[in-house]
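Novice: got a sequence here, can you model it:
(chains A and B)
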There are 2 protein chains.
Amino acid sequence: MMITESPTPMDQISVEKIKAAIRDIPDFPKPGILFKDITTVLRDPILFQHMTDYFYHLLKDKNIQYVVGIESRGFILGCPLAYRLGAGFVPIRKTGKLPGMVERHEYDLEYGSDIVEIHKDAIEPNARVVLIDDLLATGGTAAASSTLLKRLDVDLVSILFMIELGFLNGMEKLPKEVNTHAMITY
Amino acid sequence: MMITESPTPMDQISVEKIKAAIRDIPDFPKPGILFKDITTVLRDPILFQHMTDYFYHLLKDKNIQYVVGIESRGFILGCPLAYRLGAGFVPIRKTGKLPGMVERHEYDLEYGSDIVEIHKDAIEPNARVVLIDDLLATGGTAAASSTLLKRLDVDLVSILFMIELGFLNGMEKLPKEVNTHAMITY
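Specialist: Reported below is the predicted structural model:
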């Protein structure tokens, strides 16, 4: 199958097809959690293309220079998007994975804390950037990633997610002045 | 910048540009190791496109149905390639990350062992598959990933890497009957 140029933004029917392909896995990673498994979307070549094209159409007139993806499912969404936009790709990773000089931000989890890092020299000041991840839950990781990008003085144009768990109110943790959007909200 | 159709396979000059952009980080992740940092390639929109197009041109006539990427830098190479080919994307992950029923393979490292997993239902038997990762070192992870794909009875067409550390002889661990190739060999 060849890549095809999508002439119009993906319509609601395609989003519904993607939503229908997401698989619910009960009690993962721990009892009581209903995990949204997106691998059933990724393995479908049509849905994988539609997912990427959906975000492309949101961004294509915004002169995005860098797509920043959060480890590791944010890489899966962010890399084809960067390729499609003709932008660079920059990873945000958990601590100790990036080999160069990093900006680091520690943030609180329900139990304990976590750390995200970005290379200090990854993005030049004022560059136009989009941040992307697969899932917005409580918003801790996305908020911490926004903080890293602020420290690099970039122009954070948009924060995008494939899935938002709306009942956890994660959007409220994200910077108010930045456009935020999820493809699918539960 | 818009995506452009590359009319011909990327020439040696472009590979040399990618090679020149790879950054050497001494003593990472531990003393005595010279780490090949590819983030300096990824952040460059032209080089990121050339890298993806290089692999695309190797595969475009091979009817690839699935690109399998190894966590997590294999996601960075594999996802835009899957998008470009019009193929599905399937992740191989470290233990405990995939939520569904998995095939699992444990393999020996220099000290200790590691485990790779793939969803049992990710790929149907006889489907045409390419496996990709950023770096071939001793070959343990790639060989273990090949073993997982054999168990799913797929047709493993090719195993591709961005970088091969030739002096570690990792290619010798990979299945003899499968085409293998690295963009850059040190």
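
Novice: which strands and helices sit next to the top helix by length along chain A?
Specialist: If you go by DSSP state H, chain A has its longest helix at helix A:45-59. Judged by 3 or more Cβ pairs under 8 Å, 6 or more residues apart in numbering or on different chains; DSSP states H and E, the packing partners of helix A:45-59 are helix A:12-21, helix A:39-42, helix A:73-85, strand A:155-164, strand A:179-185, helix B:73-85, strand B:88-94. Backbone N, C-alpha and C define where each C-beta goes, glycine included.

Novice: so it versus strand A:179-185, what angle?
Specialist: Helix A:45-59 and strand A:179-185 are oriented at 150 degrees to each other (axes from the mean of the first three to the mean of the last three Cα atoms, to 10 degrees).

Novice: what average pLDDT does helix A:45-59 get?
Specialist: Mean pLDDT, helix A:45-59: 96.

Novice: which parts of it are buried?
Specialist: For helix A:45-59, burial by neighbour count (16 or more other Cβ atoms under 10 Å in any protein chain shown) applies to A:45, A:47-56, A:58-59.

Novice: ok, back up a step: the helices and strands packed on helix A:45-59: which one's closest to B:Thr138?
Specialist: Checking those against B:Thr138 by Cβ to Cβ gives helix B:73-85 as the closest, at 16.0 Å.

Novice: just the CA trace of that closest one, in CSV.
Specialist: Provided in CSV are the C-alpha atoms of helix B:73-85 (Å, rounded to 0.1, in the frame of the first residue of the first chain):
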residue,chain,number,x,y,z
ARG,B,73,15.0,3.7,19.6
GLY,B,74,13.7,1.1,17.2
PHE,B,75,10.3,2.9,17.5
ILE,B,76,12.0,6.1,16.3
LEU,B,77,13.3,4.4,13.2
GLY,B,78,10.4,2.0,12.7
CYS,B,79,7.3,4.2,13.0
PRO,B,80,8.1,6.7,10.2
LEU,B,81,9.2,3.8,8.1
ALA,B,82,5.9,1.9,8.6
TYR,B,83,4.0,5.1,7.8
ARG,B,84,6.1,5.6,4.6
LEU,B,85,5.6,2.0,3.5
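
Novice: so which elements touch it?
Specialist: Helix B:73-85 sits against helix A:45-59, helix A:73-85, helix B:45-59, strand B:66-70, strand B:88-94, strand B:128-136, with contacts defined as 3+ Cβ pairs under 8 Å, 6+ apart.

Novice: how far does the longest helix of chain A sit from the chain's center?
Specialist: Put simply, helix A:45-59 sits 13 Å off its chain's centre (Cα atoms, centre = their mean, to the nearest Å).

Novice: picking that back up, in JSON lines: the helices and strands packed on helix B:73-85, plus distance to B:Asp24.
Specialist: JSON lines is the format used below for these (distance: least, Cβ to Cβ, whole Å):
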{"stretch": "helix A:45-59", "distance to B:Asp24": "32"}
{"stretch": "helix A:73-85", "distance to B:Asp24": "23"}
{"stretch": "helix B:45-59", "distance to B:Asp24": "17"}
{"stretch": "strand B:66-70", "distance to B:Asp24": "23"}
{"stretch": "strand B:88-94", "distance to B:Asp24": "26"}
{"stretch": "strand B:128-136", "distance to B:Asp24": "13"}
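
Novice: among these, which is nearest B:Gln12?
Specialist: Ranking these by proximity to B:Gln12 (Cβ to Cβ) places helix B:45-59 first, at 10.8 Å.

Novice: quick one, the closest one and helix B:73-85 angle?
Specialist: Using the same axes, to 10 degrees, the inter-axis angle of helix B:45-59 relative to helix B:73-85 is 70 degrees.

Novice: where does pLDDT dip in chain A?
Specialist: Flagging of chain A using pLDDT under 70 yields the residue ranges A:1-11.

Novice: stretch A:107-115: which residues count as buried?
Specialist: Per 16+ other Cβ under 10 Å, stretch A:107-115 contains these buried residues: A:Tyr107.

Novice: export that stretch as CSV, just CAs?
Specialist: The C-alpha trace of stretch A:107-115 is given here as CSV (Å, rounded to 0.1, in the frame of the first residue of the first chain):
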residue,chain,number,x,y,z
TYR,A,107,7.7,15.5,39.5
ASP,A,108,5.4,13.8,42.0
LEU,A,109,3.5,10.7,41.3
GLU,A,110,0.7,9.1,43.3
TYR,A,111,3.4,7.1,45.1
GLY,A,112,6.9,8.5,44.8
SER,A,113,8.3,10.6,42.0
ASP,A,114,9.6,10.5,38.5
ILE,A,115,12.1,12.4,36.4
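
Novice: next one: it to chain centre, how far?
Specialist: Its chain's C-alpha centre and that of stretch A:107-115 lie 19 Å apart, by Cα atoms, centre = their mean.

Novice: count of residues packed around A:Pro31?
Specialist: By other Cβ atoms under 10 Å in any protein chain shown, the residues close to A:Pro31 number 7.
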